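>>> Return atomic coordinates for the entry below.
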Amino acid sequence: MALIYQFGIILVALVVLDTVKSFADLDDDLSPSNRTGRRLGDRLKKPSMNLNNCETQTGHTGSCMTRFTCMRNGGTVSGFCGTYGVCCETNVQCGKTSKLKRTLIQTPTTIPTKCTYVFEPYSPNVCQIKIEMEEFRLQQPQSVTTGANVGDSVECNDRLEINDITLCGNNDGQHLYVPFDVAGGTDANVNLIFNLPSRDPISRWRLIVTQLECPSAASRKGLLPFAKNTGFQDLRNIFSSQNNDLPLLAPRGCSQYFTERTGTFESFNYNGGAGPYMSNLNYAICFQRQVGDSAIEFTFTDFGLPNEGVNNGYDADCHSLIPTTGRSDDYLLIPGAVVTSTLGALQPTYFCGTSSKGTKAIYAAAGPFVIYFNSDEYSSPQDLGFKITFNIA
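Presented below is the predicted three-dimensional model:
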C-alpha cells in the first residue's frame, strides 16, 4: 500500500511538473506588476525563458519571448527564436525607467549632455544587476587641469557613473556586476548616468542590463500537501526565474565574474594596449570555482603598471606597507600565486611593472578564485593596463 501511495505522488508530480514549468517560463517574461490582463492565446504558448539570448536581424543581442510580451513591454520584434518566440529588443530611452528583466540601452540619435537610465526592481528578489557592454566608447581619460593633481592624474570628462564606479574610454566587450539589494530595503533603484559635457561625436554605447534574482526564503513551501515531509519542493519555485538566475549570480563583492573554464579578461579601457585605465579604481574579478577544481592559471599576455622599485615588479615594488604621498599604489593582487621567473619560483601577492608580461602565475589557494585591481589617484605613462588569459584546472 505504501508503495502504491509513493508511486501516486510521483505520478502526480510528473504531471504537474510540465504544467508548472510552462507557466513559470511565461511568468519570467513579465515583471510581477505586468502579469494581469494577458490573453488566453499567450497562456497557451510556451515561450523561451527570459534569460535566453537571441540574435536580432541586425546581429545584436535580444531577448527571446512571445510577440505579445515583446510588444506589451514596448519592445521591437527583430527576428524569431525558439518554438513560438520572437527576438525582442527592449530599448529604453534617456530619462526613462525600466522594470524589465532584461533591458537594452543604446546611444540616442542626438548626443545629450546627460542621459540617465533608472532601473526599478523587476521583483522583490532582485539582488544584482549585470551590465554587458556590447559597445562602449566614450572620450579617453583626460589629464587633470585644476586642483592639487594637475598633470599628475587623469579623469573622465565624458563618463558613465554607476554607484562608485566611473568609466570612460573604450570598453567594448566588458561587463560589470552592480549590487541591487531590494529585499534588504537599501536599494530602491539603480541609476546609470552618462555625463557627456563635451558631447563628443565618438560617444557610442549599447548595453544589455539584466536584473538577477536571488532565491527567496520561501522557496521551499510545499505545493503538494499530501507529500508533506517527503522532500518535495514547491514545483512553482523549481522553475522560477530566481533559480534560473543562479548560474549567473556573482559572489558578493565581485564587480566582474567569469563562469567559463578558460577565457581572457582586460583592464577597463585597455584600448588595445594603449590604455590608460582610470584613476581611483578598486574592484574584484572573480572566477567560478566548481567542485574538484584545484587551481587557476593566469598568462600575462600584456601587462603594464607603474613600478616604484628596482626589482621584478612584485610586492614592495607595487604596494608600500607605509602610505606615502606621491608613491604609486597601482597593482593587481593575486593571493597565493606562484610565478616561475629568471629568479626561480616566486610567491608574490602584488603585481606591477612590465616584467610579468609573457609569464604565468598559478593560483592554487583554498577558497574562491578572486583577484583584485587597484589604481590610485595619480597617473603615469605606465598606466597601460593588462590583458590576461585564464585557465581553470
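>>> Domain map for this structure?
Following automatic domain parsing, one finds the domains of the chain at 91-214, 258-392.
>>> Pipe those into a markdown table and attach distance to residue 79, mean neighbour count and mean pLDDT per row.
Where C-beta positions appear, they are placed from N, C-alpha and C, glycine not excepted. Compiled in a markdown table, the domains of the chain are given as follows (distance: least, C-beta to C-beta, whole Å; neighbours: other C-beta atoms under 10 Å; pLDDT from 0 to 100):
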| stretch | distance to residue 79 | mean neighbour count | mean pLDDT |
| --- | --- | --- | --- |
| domain 91-214 | 14 | 18 | 91 |
| domain 258-392 | 26 | 17 | 92 |
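>>> mind listing the helices for the stretch 201-350 of the chain?
235-238, 241-244 (DSSP state H, counting those that start in this stretch).
>>> now do the stretch 1-150 of the chain
Counting by DSSP H, counting those that start in this stretch, the helices of the stretch 1-150 of the chain are 2-28, 40-43, 67-72.
>>> Please point out which parts of the last one sit buried.
Okay, so that is helix 67-72. By 16 or more other C-beta atoms under 10 Å, the buried positions in helix 67-72 come out as 67, 68, 69, 70, 72.
>>> Counting by contacts, list what that helix packs against.
Judged by 3 or more C-beta pairs under 8 Å, 6 or more residues apart in numbering; DSSP states H and E, helix 67-72 is in contact with helix 40-43, strand 76-81, strand 85-89.
>>> re the thing from before, and the helices of the stretch 201-350 of the chain, which one's lowest on average pLDDT?
For the helices of the stretch 201-350 of the chain, mean pLDDT drops lowest on helix 235-238, to a mean of 44.
>>> about what we covered before: can I get the domains of the chain in TSV with distance to residue 244?
Formatted as TSV, those follow (distance: least, C-beta to C-beta, whole Å):
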stretch	distance to residue 244
domain 91-214	8
domain 258-392	14
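>>> Tell me which of those lies nearest to residue 251.
Minimum separation from residue 251 across the domains of the chain (C-beta to C-beta) falls at domain 258-392, 5.4 Å.
>>> distance between the ends of the closest one?
End-to-end distance for domain 258-392, by C-alpha to C-alpha, to the nearest Å: 11 Å.
>>> one step back: so for residue 77, which of the domains of the chain sits nearest?
Closest of the domains of the chain to residue 77 is domain 91-214, at 12.1 Å (criterion: C-beta to C-beta).
>>> how far out from the middle of the chain is the closest one?
Chain-centre distance of domain 91-214: 12 Å, with C-alpha atoms, centre = their mean, to the nearest Å.
>>> check contacts around residue 153.
143, 144, 279, 377, 378, 379 (C-beta atoms under 8 Å, 6 or more residues apart in numbering).
>>> Using CSV, please lay out those residues together with distance to residue 356.
Output for those, formatted as CSV (distance: C-beta to C-beta, whole Å):
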residue, distance to residue 356
143, 27
144, 28
279, 21
377, 23
378, 21
379, 20
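>>> which one of the helices and strands packed on helix 67-72 has the lowest average pLDDT?
helix 40-43 (a mean of 33).
>>> so what's the nearest residue to residue 273 once chain neighbours are set aside up against?
The shortest distance from residue 273 to any non-neighbouring residue, by C-beta to C-beta, 6 or more residues apart in numbering, is to residue 302 (5.4 Å). For residue 302, the contact set (C-beta under 8 Å, 6+ apart) comprises 270, 273, 357, 384, 385, 386, 387.
>>> Show me the two of the residues you listed that sit farthest apart.
270 and 357 (13.4 Å).
>>> In the stretch 201-350 of the chain, what residue spans correspond to strands?
Secondary structure of the stretch 201-350 of the chain (DSSP state E, counting those that start in this stretch): strands at 204-213, 256-258, 262-266, 282-287, 296-304, 331-333, 337-341, 344-346, 350-351.
>>> And the longest one, what does it pack against?
This means strand 204-213. Where contact means 3+ C-beta pairs under 8 Å, 6+ apart, strand 204-213 is packed against strand 102-106, strand 114-119, strand 126-137, strand 190-195.
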